[in-house]
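Undergrad: sequence first, then the predicted structure:
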Amino acid sequence: SFGYLENTPIEETIGKTYEALRLLGFDIVTNIDHGTDLFIFAVAKELLHKQKKPLFITSCSSTPLYIQKHKPEWEKALSHVKSPHLINGALIKHKFLDPGVKVVTISSCPAQKDEISAPNIGIAQKDVDAVLTVSELVRMINQAGIDYKKLKGVQNHKTFTTNSTIYRGGILQGLANVLMETKESTELIFKTVTKTKNLPMKIEEATFKVNRQLYKFARVHGGKMIKPLSLRMKKQKYDVIELLLCQQEGTFEAHEDIKRINHITHENTHILNNPLHNKTIANLDSETIDKLSIFEQGSHENIKEGRR
């Protein structure tokens, strides 16, 4: 959009986007880093208390809907932790500011609109009040007469944004680090065990050990990998399965682009994704973590009801 090439480094545009949002009337502009870190903390806690494995996790708002429709037998194994953007909204309203603040998520995922509309999903506490897709934001910027390219760019709000560097490794790496309760760890090495010929969809596996406890993770890229995963689950025992099912809509490409940006920006560092670096989240007590991050009982069923 706005005449930039698809492979334009994010450093050239992110500050302009923050400034455009300020010009549109948003008082505070931040990202969901805090929400993502608390998401990982809450998942780690849930995993340690879960007796029957595997635990299915996802940061994607559409995945619970997919499971309910196509794999209902997995629904009881689906994590009860909210998606990162809902957790971030809860943090802003109930930790940083007050419940009267209006929180808007900017996302490329239209499923988040359904997520905040379903009963008890972001409604009981009003974690997030509205979701704007990137396309809608672009239209708003154009309609407001904002010359995006001429913007100088601003920083996001420091009070509500982590000051950590961009960590490598993603959700499962962060989860492994929390389970090991250390700020330094060995990078998870994922091995591709199943993939498609012409599409960027695959299943990856990684194992690591904590105090003689062996954990096995799987990361599933793309909805077409669900059937191969079902077959592997008959032979393989997983502790955690992360579902990334939107590859056909470009999530995989975005994930690869994030890795490329991380490499360019921090090519001389070896820091792995670890919420323990985030003092704001690490200092939360167990009760607060549950209050801000866990769905009410039966909330996944309510997502399904909200779609009818």
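TA: That came in fine, so what should we check first?
Undergrad: would you map the helices across the stretch 151-300 of the chain?
TA: For the stretch 151-300 of the chain, the helices defined by DSSP state H, counting those that start in this stretch occupy 170-180, 226-232, 251-265, 279-282, 286-293, 299-306.
Undergrad: worst average pLDDT in these?
TA: Lowest mean pLDDT within the helices of the stretch 151-300 of the chain: helix 251-265, at a mean of 37.
Undergrad: which SS class is the most centrally placed residue in the chain?
TA: Nearest residue to the geometric centre of the chain (CA atoms, centre = their mean): Ser59, 3.8 Å. Following DSSP: H, G, I helix; E, B strand; the rest coil, Ser59 is assigned to coil.
Undergrad: from Lys234, how far out is it?
TA: 27 Å (CB to CB, to the nearest Å). Glycine gets a C-beta too; all of them are placed from N, C-alpha and C.
Undergrad: with Lys76 instead?
TA: Lys76 is 18 Å from Lys234, by CB to CB.
Undergrad: and the two? which has more neighbours close in?
TA: Lys76 (9 against 6; other CB atoms under 10 Å).
Undergrad: check what pLDDT that one gets.
TA: 92.
Undergrad: likewise for Ile271?
TA: At Ile271, pLDDT is 52.
Undergrad: circling back to that earlier point, shouldn't the residue nearest to the centre of the chain be in contact with Thr36?
TA: Yes - Ser59 lies in contact with Thr36 (CB atoms under 8 Å); the separation is 7.2 Å.
Undergrad: what do the two both touch?
TA: Common neighbours of Ser59 and Thr36 (criterion: CB atoms under 8 Å, 6 or more residues apart in numbering): 84, 171.
Undergrad: give me phi/psi at Val128?
TA: The phi and psi values for Val128, taken as degrees, to the nearest 10, are phi -130, psi 130.
Undergrad: contacting residues around it?
TA: Contacts of Val128 (CB under 8 Å, 6+ apart): 85-86, 89, 103-105, 112, 116, 122.
Undergrad: out of those, which are buried?
TA: 85-86, 89, 103, 105, 112, 116, 122 (16 or more other CB atoms under 10 Å).
Undergrad: so which of those residues are in helices?
TA: 85-86, 89, 112, 116 (DSSP state H).
Undergrad: relative to Gln213, which of the residues you listed is nearest.
TA: Leu86 (30.2 Å; CB to CB).
Undergrad: doesn't Val103 make contact with that closest one?
TA: No - using CB under 8 Å, Leu86 is not in contact with Val103; the gap is 9.5 Å.
Undergrad: residues shared between the contacts of these two?
TA: 127-128.
Undergrad: low-confidence bits of the chain, can you list those?
TA: 1, 118-125, 163-169, 182-185, 198-199, 247-273, 296-308 (pLDDT under 70).
Undergrad: what about the strands in it?
TA: According to DSSP state E, the chain carries its strands in the segments 55-57, 104-107, 130-133, 191-195, 202-210, 213-221, 240-244.
Undergrad: please save the CA atoms from the second one in PDB.
TA: So the one you mean is strand 104-107. C-alpha atoms of strand 104-107 as PDB (Å, rounded to 0.1, in the frame of the first residue of the first chain):
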ATOM      1  CA  VAL A 104      -8.900  -1.200  19.000                       C
ATOM      2  CA  THR A 105      -6.800  -4.000  17.400                       C
ATOM      3  CA  ILE A 106      -5.300  -3.400  14.000                       C
ATOM      4  CA  SER A 107      -4.900  -6.800  12.300                       C
END
